[in-house]
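A.B. asks: Below: sequence and its predicted model.
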Amino acid sequence: MEFFHNHILSVVLFTPLVGSLLALFIPRENENAHRVLGNVFGILGFLVSLPLIWWFNPSTKGFQLVENLDWIPSIGARYTLGIDGISFLLVMLTTLLGAISILSSWSAIQTRVKEYYLLFLLLQTGMLGVFMSLDFFLFYVFWEVMLVPMYFLIGVWGSERRLYAAIKFFLYTLAGSVVMLLAILAVYFNYSKLTGGTYTFDIPTLLASVSQSSDAFRTWLFWGFFFAFAIKVPMFPFHTWLPDAHTEAPTAGSVILAGVLLKMGTYGFIRFSLPLLPQGVVARQRIVSVMVALSIISIIYGALVCMMQKDMKKLIAYSSVSHLGFCTLGLFALTPMGLSGSVIQQINHGISTGALFLIVGVLYERRHTRLISEFGGLSTPMPSFAAVYMIITLSSLGMPLLNGFIGEFTILRGVFEVNKTWAAWGVIGIILGAAYLLWLYQRVMFGPVTNPANEHLPDLNLREQATLVPLVLLALWIGVYPKPLFRYLDVPVRQIVERVNPSYYPAERATAPLESAPAGAPGAAPAAVLELDKHPTDSHPSPSPAEKE
């Protein structure tokens, strides 16, 4: 038991990989055995992650359950894993959606079954490694590992234009990864220069060393990482690969792509980009203004494009562009509420949009079409399906007492502290989101059954209920009682804000114990959210009160 506790992250990380390796020894012709093996290790991957709920202490600063071993000492690379409250929530989301996605594939995948489950389990390991890695070299390995299985999942088991979508996904992601690799090497050699020849890929150490660098160097680093993460999110105008990938991918691929892979971009912004922001007020405000502008464009543009779609899957794909725009908007507000709301909304998006893709998959298995015009009046033959679909729709549009409301409200609250205009644009995005989601539901579910092919469609079966009901329950639970999520985020969010925007907190409380000043407490200084307290060595003096005005 002690070994399991000390190496819990490795167990969670490599459980899917073990299933992938075992699949190699089962004959290709035995398709049901591969289905059983894939589902067993998908569910097992979720079960072995459950002890993290009890073993992770939300009130402890820094990374927990750390594993640190020599790997490639000649270049300073180590096998280092660890999680904080942010990565803990994303790891739990990954294991849950991984199990649900694999279960949803039981009847949908009929060709190359062995290869499908093998690649999907390998993809699961790659995604988990990204959220756990505390070594840049290890992080980059997992970042690239997840690219290959996703390429084949789209290219082999996708729809008519699957090869085009797969190649586009691969090229976009690879281009961002190459630029990110250059940024990683720049930080790596910069640390060696500062320390006189010591090499390490340790993420906390390298990010801390950047604080001694010039604003010009930090700005270049920020934009180097930006391209990889902006493509992955995806932010406007780097979003064009997403609708094609979502539309052509199999249902489980779309669920895991929306639910987890897109979060790797926002996670990268939190973990790497925010600590790299320049210290100078002017340089920082310039970057923040660009990021906020791109986020608002993503919110409005994504919502407007949704209203023009004829394909259900493509509509939901473009909705991800809009919803993830809220997440990046909250991040670059640089307030505790903005950051907390962003992470919670990432979890909510994985739940709600993942469920929406499962719902489209249910209809596609029955009718083999995703065109909205082919449906109508489905609430009559499929009442249980209509009820689940309604709850998920309301969750996605941000209805109170459901999870989407908690995330969007918290983001807008954090953004409102900084700039009311930004918050107003966000509200417009919420209104447009409600419009296209309700319009889609009305066209698909209400009215008479006009197409004879829809008159006797079977309702949800037991397996489909097993994939959708847990997500419905999570949406209700987070909407009614989100306190546990905020509890996991309080400490890491405060640490980030104190580092990237310390003037948010009054000077006398900035060094106080964490318990004395919870995030967002009265008495904080929201008006100064975009300015840093200056150190005596800073080359950019603090502006006078007149200059601030």
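C.D. replies: The structure has been received and is ready for your questions. Residues are numbered from 1 along each chain as shown.
A.B. asks: Test my guess that residue 99 contacts residue 42.
C.D. replies: Yes. With contact defined as C-beta atoms under 8 Å, residue 99 reaches residue 42; the gap is 4.3 Å. For the C-beta atoms, the positions are set from N, CA and C on the backbone; glycine is no exception.
A.B. asks: If you count surrounding residues, which of the two has more?
C.D. replies: Taking other C-beta atoms under 10 Å, residue 99 and residue 42 do not tie; residue 42 has more neighbours (27 against 24).
A.B. asks: Could you say which helix or strand holds the closest residue in space to the more buried one that isn't next to it in sequence?
C.D. replies: Distances taken as C-beta to C-beta, 6 or more residues apart in numbering put residue 102 closest to residue 42, at 3.6 Å, once the chain neighbours are dropped. Residue 102 belongs to helix 85-104 when elements are defined using DSSP states H and E.
A.B. asks: Just the CA coordinates for that helix, please, in PDB.
C.D. replies: Output of helix 85-104 as PDB, limited to C-alpha atoms (Å, rounded to 0.1, in the frame of the first residue of the first chain):
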ATOM      1  CA  GLY A  85      -5.000  21.600  -7.400                       C
ATOM      2  CA  ILE A  86      -5.300  22.600 -11.100                       C
ATOM      3  CA  SER A  87      -3.600  19.600 -12.500                       C
ATOM      4  CA  PHE A  88      -5.500  17.400 -10.000                       C
ATOM      5  CA  LEU A  89      -8.900  18.400 -11.500                       C
ATOM      6  CA  LEU A  90      -7.700  18.000 -15.000                       C
ATOM      7  CA  VAL A  91      -6.300  14.500 -14.300                       C
ATOM      8  CA  MET A  92      -9.600  13.400 -12.800                       C
ATOM      9  CA  LEU A  93     -11.500  14.800 -15.800                       C
ATOM     10  CA  THR A  94      -9.100  12.900 -18.100                       C
ATOM     11  CA  THR A  95      -9.600   9.500 -16.400                       C
ATOM     12  CA  LEU A  96     -13.400  10.000 -16.300                       C
ATOM     13  CA  LEU A  97     -13.800  11.100 -19.900                       C
ATOM     14  CA  GLY A  98     -11.400   8.400 -21.000                       C
ATOM     15  CA  ALA A  99     -13.500   5.600 -19.500                       C
ATOM     16  CA  ILE A 100     -16.700   7.100 -20.900                       C
ATOM     17  CA  SER A 101     -15.300   7.600 -24.400                       C
ATOM     18  CA  ILE A 102     -14.000   4.000 -24.600                       C
ATOM     19  CA  LEU A 103     -17.400   2.700 -23.400                       C
ATOM     20  CA  SER A 104     -19.200   4.800 -26.000                       C
END
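A.B. asks: So what's the residue count around the closest residue to residue 241 other than its chain neighbours?
C.D. replies: Residue nearest to residue 241 in three dimensions, not counting chain neighbours: residue 172, with 4.3 Å by C-beta to C-beta, 6+ apart. Look at residue 172: counted by other C-beta under 10 Å, it has 20 neighbours.
A.B. asks: now do residue 15
C.D. replies: With other C-beta under 10 Å as criterion, residue 15 counts 23.
A.B. asks: do the same with the one 3 residues further on
C.D. replies: Neighbour count of residue 18, defined by other C-beta under 10 Å: 15.
A.B. asks: Excluding covalently adjacent residues, which one is nearest to it?
C.D. replies: If the residues on either side of it in the chain are set aside, residue 18 comes closest to residue 41, at 6.9 Å by C-beta to C-beta, 6+ apart.
A.B. asks: so who does the one you found touch?
C.D. replies: 15-16, 18-20, 22, 121 (C-beta atoms under 8 Å, 6 or more residues apart in numbering).
A.B. asks: cutoff 10 Å now
C.D. replies: 15-20, 22-23, 98-99, 102, 117, 120-121, 124 (C-beta atoms under 10 Å, 6 or more residues apart in numbering).
A.B. asks: now residue 315
C.D. replies: 243, 246-247, 305-309, 356, 360, 370, 372, 436-437, 439-440.
A.B. asks: in which helix or strand would I find the residue lying closest to residue 93 once chain neighbours are set aside?
C.D. replies: Nearest residue to residue 93, sequence neighbours excluded (C-beta to C-beta, 6+ apart): residue 350, at 5.0 Å. Assigned by DSSP H and E, residue 350 belongs to helix 336-367.
A.B. asks: Buried ones in that helix, by neighbour count?
C.D. replies: Going by neighbour count (16 or more other C-beta atoms under 10 Å), the buried part of helix 336-367 is 336-364, 366-367.
A.B. asks: Name the next helix or strand downstream of that helix, please.
C.D. replies: helix 383-397.
A.B. asks: circling back to that earlier point, does the residue nearest to residue 93 touch residue 96 like I think?
C.D. replies: Yes. Between residue 350 and residue 96 there is a contact under C-beta atoms under 10 Å: 8.6 Å.
A.B. asks: rewinding a little: next, the residue nearest to residue 241: secondary structure please.
C.D. replies: helix (DSSP: H, G, I helix; E, B strand; the rest coil).
A.B. asks: Likewise for residue 67?
C.D. replies: Secondary structure, three-state DSSP: residue 67 is strand.
A.B. asks: and it, what is it in contact with?
C.D. replies: Residue 67 makes contacts with 6-10, 13, 78-82, 132, 134, as judged by C-beta under 10 Å, 6+ apart.
A.B. asks: same question, residue 86
C.D. replies: 131, 266-267, 270-271, 339-340, 342-343, 346, 488-489, 491-493, 496 are the contacts of residue 86 under C-beta under 10 Å, 6+ apart.
A.B. asks: Check residue 257 too.
C.D. replies: The contact partners of residue 257, taken as C-beta under 10 Å, 6+ apart, are 101, 123, 150, 153-154, 169, 242, 245-246, 249, 317, 320, 353-354, 357.
A.B. asks: What of residue 286?
C.D. replies: Applying C-beta under 10 Å, 6+ apart, the residues contacting residue 286 are 219, 278, 280.
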